[in-house]
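Visitor: Give me coordinates for this.
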Amino acid sequence: MFFSTQRVQPARRALTLGLFVAALGVSGLAQAQPSGTPIRLLVGFPAGAGTDAIARALGEKLKDELGAPVVVENRAGAGGQIAAQALKASAADGHTLFLTHDHSISILPQVVKNPGFNPQADFVPVAGFATFANVLAVSGGTPAKSIDEYVKWVQTQRGGKETIGVPAPGSIPEFLVKLIGEKYKLDLQAAPYRGSAPLTADMLGNQITAGIASVPDFIENHKAGKVRIVAVIGAKRQPLLPQVPTFTELGLANLDDYPYYGVFAPVGTPQPVIDRFGAALQKVLAMPDVKQKLSAMGLNVAYEPQGQFAGRVRTYTQTWEKIIQASGFKPQ
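Guide: Numbers count the residues shown, from 1 in each chain. Predicted coordinates for the structure are as follows:
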């Protein structure tokens, strides 16, 4: 049987169009929304908080690299749990990503009975971009300028008992309160807040005498002399805080792993999408103005590709799993 030219050409055009549409379903994603569809960057903390500021600083530059708007969407609450649940419910098409730190991925699933997501089953790491340090800071309402002075003040003025604020229940800062209490033989209790912003506000108002949060949460008020950072986590002193000793120096063991910041996608997100976003993030982090801005917030900026970042997350999670289990903490 023969076909006329008039019938064959439309058939070929239809076949070509079909193959193009099918290919677009995979390769089009790798071009990061060629139609300009916005990319949602979920953040589990309120606007104005440290993580939000970091996301907006990166998003502003990423839009140029990706050729699409990057919209920071705050899903605040429960230490990032709400944002993580939103990521799980999102389509794995590269339009929704989650920028977060260690608490949401490594800690929450260990301290909450039913978090509503499983990082290993529901998410895939995209890339890491920074580490940071949790710190102990005292408010202006205390005369202490070092951790030894703070300990002495608690012993003499508070009878050895005191409350230290933390950004969330079941967080690393809460476990640090317990470890510090054991180290210095003090009766220290953690007071969980809904994020670092209200904790900092209470410290500035001398409603609470000390708090544990990240360097980005406290650094500006520390520079202004409104709070005083007296100890930092990790094996090395922080560049912004060269005079402040580490918890390791103070004799608190197994606190050498730094918390991380990174980006995650829903499981099933095509690898070309992940690779392209990672490449864009790497370019943005190499920009002097971006690196300077993030470093000034107290971040140790360093791009980590997917495989390396996944290894960091795994090791960090295992380290704190041992500490949490040893503390006797029961998931709530």
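
Visitor: I'd guess Ala55 is in a strand, am I close?
Guide: No: read with DSSP: H, G, I helix; E, B strand; the rest coil, Ala55 is helix and lies in no strand.

Visitor: surely Lys293 meets Arg56?
Guide: No: in this structure, Lys293 is not within contact of Arg56 by CB atoms under 8 Å, at 10.4 Å. C-beta coordinates here come from the backbone N, C-alpha and C atoms, glycine included.

Visitor: And the strands in the stretch 201-332 of the chain?
Guide: 210-214, 227-232, 260-266, 300-304 (DSSP state E, counting those that start in this stretch).

Visitor: Redo those strands as CSV? Include distance to Ala68, mean neighbour count and mean pLDDT.
Guide: Formatted as CSV, the strands of the stretch 201-332 of the chain follow (distance: least, CB to CB, whole Å; neighbours: other CB atoms under 10 Å; pLDDT from 0 to 100):
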stretch, distance to Ala68, mean neighbour count, mean pLDDT
strand 210-214, 30, 27, 96
strand 227-232, 38, 25, 97
strand 260-266, 15, 23, 98
strand 300-304, 21, 18, 97
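
Visitor: can you tell me which of those comes nearest to Lys63?
Guide: When the strands of the stretch 201-332 of the chain are compared by CB to CB, strand 260-266 sits nearest Lys63, at 14.7 Å.

Visitor: which residues sit against that closest one?
Guide: 41, 51, 54, 87-88, 90-92, 94, 96-102, 105, 119, 122-132, 273-274, 277, 281, 299, 304, 309, 312-313, 316 (CB atoms under 8 Å, 6 or more residues apart in numbering).

Visitor: what lines up beside that strand in the sheet?
Guide: strand 96-101 (antiparallel), strand 123-131 (antiparallel) (DSSP bridges).

Visitor: Could you list the single helix or strand in this protein with the lowest mean pLDDT?
Guide: Here the helix or strand of the chain ranked lowest by mean pLDDT, DSSP states H and E is helix 5-23, holding a mean of 38.

Visitor: show me where pLDDT drops low in the stretch 1-150 of the chain?
Guide: 1-35 (pLDDT under 70).

Visitor: got the residue ranges for the helices in it?
Guide: 5-23, 29-30, 50-66, 81-88, 102, 108-111, 119-122, 147-157 (DSSP state H, counting those that start in this stretch).

Visitor: Same question for the stretch 201-332 of the chain.
Guide: Going by DSSP H, counting those that start in this stretch, the stretch 201-332 of the chain shows helices at 215-223, 271-285, 288-296, 306-327.

Visitor: Just want the angle from the second one to helix 288-296.
Guide: Between the axes of helix 271-285 and helix 288-296, defined by axes from the mean of the first three to the mean of the last three CA atoms, to 10 degrees, the angle is 80 degrees.
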